[in-house]
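[1] need a structure here:
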Amino acid sequence: METISPKLLNWASILDSQTREQAVKTASLPFIYPHLALMPDAHLGKGATVGSVIPTLRAIIPAAVGVDIGCGMIAVRTQYSVKDLPKDRKRIREDIERVIPLSAGRNNKRILPTAEPRIAELKQMAAKSGFNPAQYLRQWELQLGSLGSGNHFIEICADEADGVWLFLHSGSRGIGNKIAQHHIGVAQHVTRKNQVYLPDPDLAYLDEGTPQFDRYIAELRWAQHFALLNREEMMDRVRAQFAHWVGGPVQELERINCHHNFTQQETHYGKSVWVSRKGAIKAEPGDPGLIPGSMGTASYVVEGRGNAASLHSSPHGAGREYSRNAARKAFTLEELKRAMRGIEFRASEAFIDEIPAAYKPIDQVMQDAADLVSVRHKLRQLVNVKGN
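    Purely as a prediction, here's the structure:
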């Protein structure tokens, strides 16, 4: 761990100058307490750094939560071993692609029976919070159980003992994005109106006790819950297709579902603060967590160590070294195919920006995180599903 300043601690051994400068700006805000914690996967983000833990006193920065509110991971450990799996892995990939809408703008055509109780729960929660999600996105219900694009994925993996896991990464989809963008705009309007100087306009914040703050928190919590249920819905569909593929029921030996773009009230260093984890997971002592690498590299099932200086947090993944545009210019489809050798995936130029070489080495990230989490399992991919 490196002390960049009294208000900024850093666990990233790989940290470019732009990301460092961005974190310094955020840490300079007067309501940061006790300090901002940069995780090993830290990289440049919108306003606030991706891979950072941002504690704030009586204020919250919507962009510090991010635009994919509640994004996170879910994993299920099955009773199966690699030797139990059919040889035709293309079939299960295509079956998953058939039952889960992939890519930006792709939604379900109808509400499935498995999604109905989850949607009813979300409608009830929205009504209690005093808002209608349809004001942001008409037919938002059709997004529940859809993956999205970018670094979101669905995978079948194997651990060090060849035990088979189902693993996926997604968030609150378009509805969460629209909620986030709205409140980022509200915060910017408020800070301009109050003539508040900020080192970056995307660090605009809302003060606790104001109507704007209360409205953001209510809708943020709803979007976080949407993201959690979205992962549950997709996992149930993946489990059903997997069961059909292997020819037998799936026993869930373990299920882990954790956010890495969220905020909540916590007590640190004697004060109650809003802790926004933007690309970071909560790692209280014993907390189960999931830290994926990039497509084609290892992922980890971890347990939190409760490191106080990190505000009980850990990284959420490998973290980008190349921007998406830079990766598309630097790498080729053939290089992606070589990196994915032995893994069933849909070879497409659309995924070049997700090539493992565009990310920090996940093993280095995990080495940097040694005092934040302990590793329970190291997973390798067998099948990978992504959206364009």
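[2] For the rest of this, base every contact and every neighbour count on C-alpha atoms.
    Noted.
[3] and Thr267, which of the three is it?
    strand (DSSP: H, G, I helix; E, B strand; the rest coil).
[4] Pro249 now?
    Secondary structure for Pro249, judged by three-state DSSP, is coil.
[5] Helix, strand, or coil at the closest residue to it other than its chain neighbours?
    Once flanking residues are discounted, Pro249 sits nearest to Ala243: 5.3 Å by Cα to Cα, 6 or more residues apart in numbering. Three-state call for Ala243 (three-state DSSP): helix.
[6] and Ala243, how many neighbours?
    Ala243 has 15 neighbouring residues, counting by other Cα atoms under 10 Å.
[7] Now do it against Gln364, distance only.
    Distance of Ala243 to Gln364, given as Cα to Cα, to the nearest Å: 35 Å.
[8] Over to Thr56?
    In terms of Cα to Cα, Thr56 sits 29 Å off from Gln364.
[9] what does Arg255 give?
    26 Å.
[10] repeat for Ala358
    For Ala358, the distance to Gln364 - Cα to Cα - is 14 Å.
[11] These two: which has the busier surroundings?
    For Ala358 versus Gln364, neighbours defined as other Cα under 10 Å are more numerous around Ala358 (22 against 16).
[12] Quick check: closest non-adjacent residue to the more buried one.
    Closest to Ala358 by Cα to Cα, 6+ apart is Tyr322, at 4.9 Å.
[13] show me the residues around the closest residue in space to Arg328 that isn't next to it in sequence that make contact.
    The spatial neighbour of Arg328 that comes closest, neighbours along the chain excluded (Cα to Cα, 6+ apart), is Asp353 at 5.3 Å. Asp353 makes contact with Ser323, Arg324, Asn325, Ala327, Arg328, Phe331, according to Cα atoms under 8 Å, 6 or more residues apart in numbering.
[14] Tabulate those in JSON lines, adding columns for pLDDT.
    Formatted as JSON lines, these follow (pLDDT from 0 to 100):
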{"residue": "Ser323", "pLDDT": "93"}
{"residue": "Arg324", "pLDDT": "93"}
{"residue": "Asn325", "pLDDT": "95"}
{"residue": "Ala327", "pLDDT": "95"}
{"residue": "Arg328", "pLDDT": "95"}
{"residue": "Phe331", "pLDDT": "97"}
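[15] I'd like to know which of those are buried.
    Buried residues within those, counting neighbours by 16 or more other Cα atoms under 10 Å: Arg324, Ala327, Arg328, Phe331.
[16] which helices and strands sit right next to the helix or strand hosting Arg93?
    Per DSSP states H and E: Arg93 is located in helix 89-99. With contacts taken as 3 or more Cα pairs under 8 Å, 6 or more residues apart in numbering; DSSP states H and E, helix 89-99 sits against helix 211-246, strand 373-386.
[17] Buried residues in that helix, which are they?
    Arg89, Ile92, Arg93, Asp95, Ile96, Glu97, Val99.
[18] what's the answer for stretch 22-35, then?
    In terms of neighbour count (16+ other Cα under 10 Å), stretch 22-35 has its buried residues at Gln22, Ala23, Val24, Lys25, Thr26, Ala27, Ser28, Ile32, Tyr33, Pro34, His35.
[19] Which residues are in contact with the last one?
    For His35, the contacting residues are Pro6, Lys7, Leu8, Leu9, Ala27, Ile54, Pro55, taking Cα under 8 Å, 6+ apart as the criterion.
[20] which outside residues touch the helix or strand hosting the fourth one?
    Following DSSP H and E, the helix or strand that holds Leu9 is strand 8-10. Among residues not part of strand 8-10, those counted as contacts by Cα under 8 Å, 6+ apart are 1-4, 23-24, 27, 35-40, 309-310.
[21] same deal with stretch 181-199?
    Contact partners of stretch 181-199, identified using Cα under 8 Å, 6+ apart, comprise 25-26, 61-63, 67, 201-202, 204-206, 212, 216.
[22] Pull the distance from that stretch to the chain's centre.
    Stretch 181-199 sits 25 Å away from the centroid of its parent chain (Cα atoms, centre = their mean, to the nearest Å).
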